[in-house]
Every structure is written in structure tokens, then in C-alpha cells.
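Asks: Have a look at this fold, sequence not included:
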């Protein structure tokens, strides 16, 4: 006998592996465009040349990490939309629910499958930005880039958990995707207003930017990271309880 | 003989303001084919889902193999094979991968999976390439694949919700043949809208209406209870004349015309030979016999009577 969860992991892998390469290529391309645009923008629009400072490698990396928080997070939650709402729409959720697999295992497996796919894309995108920055703008240390990426990995985990929760509650895959994208956008926008002054120490949702821009103490970084893990944990727990308490867990919601 | 059975005690299930099941009880204690019929919204699917541990009852208890069914207790799911009415399939997978994943979800090891998938594919008679992608399968092939998937863990109890609907006669016959074979040592409880299938296959029938169990008996007993001792005859022509002729006979009562048939009762069954002699002297007949109501009529009568 083996654990039934391994079969669910295999199924999720079979269904999500095809997304890794397109997503990685897309984010690598996005990284290249990000660096390229920063370099050619002053030449394209000559009158803004004096308004923006000279491009530095740090600025190039920071610009990408900022946009990563909104764009990649939205991709992650849209991918989560099919996790529960999509299966319910296609009437395949009953195939899993009739098997001896605990609800928390279903939620965590589906969440991790999507999280890993997007994280691989984010890593490829970040490394390509580092490479393009190194080649086109100038050399820079990789340490802060990796720290920023680690911070983003935690933020991404929270957003993926939000995407999963909304997929469990939503009536359809489309509404799950749309609501999740809206929620992520609002969180990213609101948190981006608080990266100044004393608030910077408490802005966990912009940790990937603040570690690059400010001299945060290791304790602040650790506490923010812990806060993100805690938020994700709470969201997952709510998700499991919500899924468990559904009256008709396998049927389409109307 | 394995100790398997289903026992439902006073089962109730409420969905907000709708009472889907109102104190249903039933007991199945030996292998065989058992049919569950009822009009739309009678509570058939809800009942089957409660037995399969997919729904939590509002009141009452369900026992499978003498063990209380609970949505948290997964050991029951390893003993039940539930085929839902409108289940989808993982379209991107091949038929073989689908079966392997389903077997894995029941906790079968790699070696067991390999062996069981091969056995079940042969047993069910999947005659297309297992490497065919699910989305290219026909309705019959999909149904067969789903059916195969619930046999992988060798369950004691099979619960089939409308498993025969949407199938062509050949596939339906194939599937009913399999169900018969499986019923030799397993409990097969199935719901269907195709009354003829339930009637000819099942050794016991449960009729649900409006969340209540209204009839529970063997098909032949139900048929005997529902038939009213009337006879029918179909004359070659002159329907009205034959009816008028019957009205002249004192021992023939309750005469009425139904489509191309004349339905009537006899005061005494010993009058049959006299009746036939009298009629055949005057008219030609196509058919004559006891008037057994068709299954739809029996079903409607049972539901209306409840």
C-alpha cells in the first residue's frame, strides 16, 4: 500500500507541468523587456531624459522585483482558479472526494503544485533579469537579488493560498480567477503605498522591494517572513474548514 | 462469504429549507443486485451519496459492513466503489494513466496498480488502446472507463448512480452483464431511470418518492400487487363492435377501450374458455391475455399511491 496522496500529487503534476516552460519563457522575456525598456526609454522619449536618473544595475533589478509582485501573483491566483472551482465545474472533484484522501491533503497538494510551477517561472525570470542586467547595465551582487527572491517566494505563497481559498468559495472558475486577480491587485497596490518611513518595517507584502531599497535588519526580515507564513497558514486553515463544511462538496454551485 | 452489507436507519438529510430524505431505512445483507428508483428529486442521489460518505446525514445512521459511515472515516471509502451520475474525467490523461492514478488514490502500490489495472481492463472489456487520451473517448468508452476505475480496489459494495443512462443498447447490455457478474459476490446498489433494467436485473427494488421509501420488495411481488386481474384483447378490426359484444356477456365487467386494446374483467376466471369460444365464433383476434400494466404504469401507480 502507498499513500493515496502520491497519486493526487502525480495527477496535479501531470496537469500542471505543461505550464512551467511557457511561464518561464514568458517571465524571462518579461525580464529582458524590463531591462531593455529602462535602457531605451530615455532615447525613445528625449524630454524625459533629464527626469529619470541614470540607470543602475540595482534600479534594473528593483524595477523587475516590483512588477513581479503584481504580475506573477496575478498569474498564480488565476492558475489556482481551476484547482477546486474548475474541478467542480467539470464534475471531476467527485473522483477525488470518493477516495480515502483527507481534505487538507487535497488543498495542500493543489496549492503546492501551482505554487511550485509559478515559483519556477519567477526564479527563471529573476535570474534572466540578473543576467540581462549584468550584460547590458553592469555588474551587481547576486546576494540581495536572492534575498529579494526568497522574500517574494513567501509573498507568492500567501497569494497562492488566497487564490486557492477563492477557488473553493467561488461558483465558477472564471469568477474565481477574476475575484482573486482583483484581490491580489488591491493588496499589491495598497501595500505599495506604504514603503516609506517607519511603515517599511511592517510591510510584509512588499518585502521583496524593501529588502532591496532599505537596510532592513535581519530580525525585521525574519519577522516579516514569519508574518507571511502565518497569514498563509491561517488562509489554508480557513480554506480547509470552508471546503469541509460545504453541504454539497462535489456538485456545481448555482 | 465476506461479511458485507448496508444498513440505513431513519436517515434524514436537509438542504437549507429542502428535506431531501425523510427518515429512510433499508437493509441489504447479502450480495446481489438492488435497484433504487424514484421520480426526479425523490432523493436517490442524496441517499447514495450518504452511503458513499460524501454527504453528512442530518439525522439517522448509515452502516457499511457493520461500520458507521462518516465523512471523516476514510476506511469505508476503500470498501465502496461509487460511480456518480454525471462525473467528469481527467481529459488530458490517457485511459491507462487515468486508471493508474485512480488506483493510486485508493492506496494501491505500484505493483498492485500494474496488476489490477491489467485485470480490470480485461474484466470490464475495454477494447480500445489504453494509451488513448480520455478526451477522445466516446460516451460509452468513458462510462466503461469510469466503471473500471471503481473496481480497481476490489470493493465489497458498488454504488452506481444512473450508471446506465446515456448508453446505447450494446453498451448497456455489456454493462448490465458486468453488473450481474459482480453481484455474485458483491452488493451492487444502483439507481436508474430505465425501469426495465431495474425490473429485469434486480432481486430487490427500493422505491423512493419525495424523500420517503414507499415500496421495498421483490419485482415479482410488486408486479403481483400492482396488477388488477383484468384481461386484454386486440381484435383484428371492429373494435367498437367487439366491445359492444362483450357488453352483452353477463360475466364480463369493467369494459373499456385503451388505444387498440379492449380491457375488461371477468367475474370468474373459469369463464375464459366460454368467452374465447363466443368471441372467436364472431370475430378474429390478434392477441389476448392478462392485462399486466407496463412498468411506467406500475411506477406511476406506486408514486401516486404514496
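Replies: Nice, thanks for sending it over. These figures come from a predicted structure and were not determined experimentally.
Asks: Write out the residues of the stretch 51-200 of chain A neighbouring chain B.
Replies: Within the stretch 51-200 of chain A, the positions lying close to chain B (C-beta under 8 Å from any C-beta of the partner chain) are A:90-92, A:94-102. For every residue, glycine as well, the C-beta is placed using N, CA and C.
Asks: Adding pLDDT and distance to residue B:197, write these out as a markdown table.
Replies: Listed next are these as a markdown table, based on pLDDT from 0 to 100; distance: C-beta to C-beta, whole Å:
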| residue | pLDDT | distance to residue B:197 |
| --- | --- | --- |
| A:90 | 89 | 28 |
| A:91 | 88 | 23 |
| A:92 | 91 | 26 |
| A:94 | 89 | 23 |
| A:95 | 90 | 25 |
| A:96 | 91 | 29 |
| A:97 | 88 | 27 |
| A:98 | 88 | 23 |
| A:99 | 90 | 28 |
| A:100 | 89 | 30 |
| A:101 | 89 | 32 |
| A:102 | 89 | 36 |
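Asks: Touching, residue A:99 and residue B:103? I think so.
Replies: No. With contact taken as C-beta atoms under 8 Å, residue A:99 and residue B:103 are classed as non-touching, separated by 10.1 Å.
Asks: These two: which has the busier surroundings?
Replies: Taking neighbours as other C-beta atoms under 10 Å in any protein chain shown, residue A:99 and residue B:103 compare with residue B:103 leading, 26 against 23.
Asks: On the three-state scheme, the closest residue to residue B:260 other than its chain neighbours is what?
Replies: If you skip the residues right next to it in sequence, residue B:260 has residue B:234 as its closest partner in space, 5.8 Å away by C-beta to C-beta, 6 or more residues apart in numbering or on different chains. Remark: residue B:234 carries the secondary structure label strand [criterion: DSSP: H, G, I helix; E, B strand; the rest coil].
Asks: can you check residue B:213 too?
Replies: Residue B:213 falls in the strand class when you classify it by three-state DSSP.
Asks: so who does it touch?
Replies: B:24-26, B:206-207 (C-beta atoms under 8 Å, 6 or more residues apart in numbering or on different chains).
Asks: mind checking how far it is from chain A?
Replies: When distances are taken as C-beta to the nearest C-beta, to the nearest Å, residue B:213 and chain A turn out to be 22 Å apart.
Asks: what pairs with that residue across the strands?
Replies: residue B:208 (DSSP bridges).
Asks: What does residue 89 show for phi and psi?
Replies: Using chain A here. Residue A:89 has phi and psi values of phi -60, psi -40 when expressed as degrees, to the nearest 10.
Asks: Please refer instead to chain B.
Replies: Main-chain torsions, residue B:89, degrees, to the nearest 10: phi -130, psi 160.
Asks: In which helix or strand does the residue in chain B positioned nearest to chain A reside?
Replies: Evaluated by C-beta to the nearest C-beta, chain B has residue B:104 as its residue closest to chain A, separated by 2.6 Å. In this assignment (DSSP states H and E), residue B:104 forms part of helix B:95-105.
Asks: Please enumerate residues in contact with that helix?
Replies: In this structure, residues lying in contact with helix B:95-105 by C-beta under 8 Å, 6+ apart are A:2, A:4, A:6-8, A:10-11, A:14, A:95-96, A:99-101, B:89-90, B:93, B:112-113, B:116-117, B:120-121, B:126, B:128-134, B:137, B:145, B:148-149, B:152-153.
Asks: Selecting buried members of those in PyMOL, what would you type?
Replies: In PyMOL, the members of the contacts of helix B:95-105 classed as buried (16 or more other C-beta atoms under 10 Å in any protein chain shown) are selected with the following command:
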select buried, (chain A and resi 4+6+7+8+10+11+14+95+96+99+100+101) or (chain B and resi 89+90+93+112+113+116+117+120+121+126+130+134+137+145+148+149+152+153)
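Asks: what ranges of the chain fall below the confidence cut-off?
Replies: Let's take chain A. Applying pLDDT under 70 to chain A flags the ranges A:1-2, A:48-50, A:195-197, A:247-254.
Asks: try chain B instead
Replies: Counting by pLDDT under 70, chain B contains low-confidence ranges at B:1-3, B:226, B:294-295, B:306.
Asks: Show me what from it comes close to chain A.
Replies: Contact residues of chain B with respect to chain A, defined by C-beta under 8 Å from any C-beta, are listed as B:15-16, B:49, B:52, B:54-55, B:74-75, B:77-78, B:80, B:82, B:84, B:86-93, B:97, B:100-110, B:112, B:149.
Asks: Which among these count as buried?
Replies: When neighbours are counted using 16+ other C-beta under 10 Å, those contain these buried positions: B:49, B:52, B:54-55, B:77-78, B:80, B:82, B:84, B:87-90, B:93, B:97, B:100-108, B:112, B:149.
Asks: check which helix or strand covers residue B:61.
Replies: Here residue B:61 sits within strand B:59-64, counting by DSSP H and E.
Asks: Which residues belonging to that strand are considered buried?
Replies: For strand B:59-64, a neighbour-count test (16+ other C-beta under 10 Å) marks B:60, B:62-64 as buried.
Asks: Walk me through the domains of chain B.
Replies: When chain B is parsed with automatic domain parsing, its domains come out as B:6-79+B:155-224, B:92-150, B:229-290.
Asks: can you give me the helices in the stretch 1-150 of chain B?
Replies: Assigned by DSSP state H, counting those that start in this stretch, the helices in the stretch 1-150 of chain B fall at B:44-51, B:95-105, B:110-124, B:139-149.
Asks: What distance do you get for residue B:200 to residue B:35?
Replies: 10 Å (C-beta to C-beta, to the nearest Å).
Asks: ugh, wrong one, I meant residue A:114
Replies: Noted for residue A:114: a distance of 43 Å to residue B:35, by C-beta to C-beta.
Asks: give the contact list for residue B:123.
Replies: Under the criterion of C-beta under 8 Å, 6+ apart, the contact partners of residue B:123 comprise B:148, B:151, B:178.
Asks: Quick check: the residue of chain A nearest chain B.
Replies: Distance from chain B to each residue of chain A (C-beta to the nearest C-beta) is smallest for residue A:7, at 2.6 Å.
Asks: SS state for that residue?
Replies: Following three-state DSSP, residue A:7 is assigned to helix.
Asks: Show the contacting residues for it.
Replies: Contacts for residue A:7 were tallied using C-beta under 8 Å, 6+ apart; they are B:100-105.
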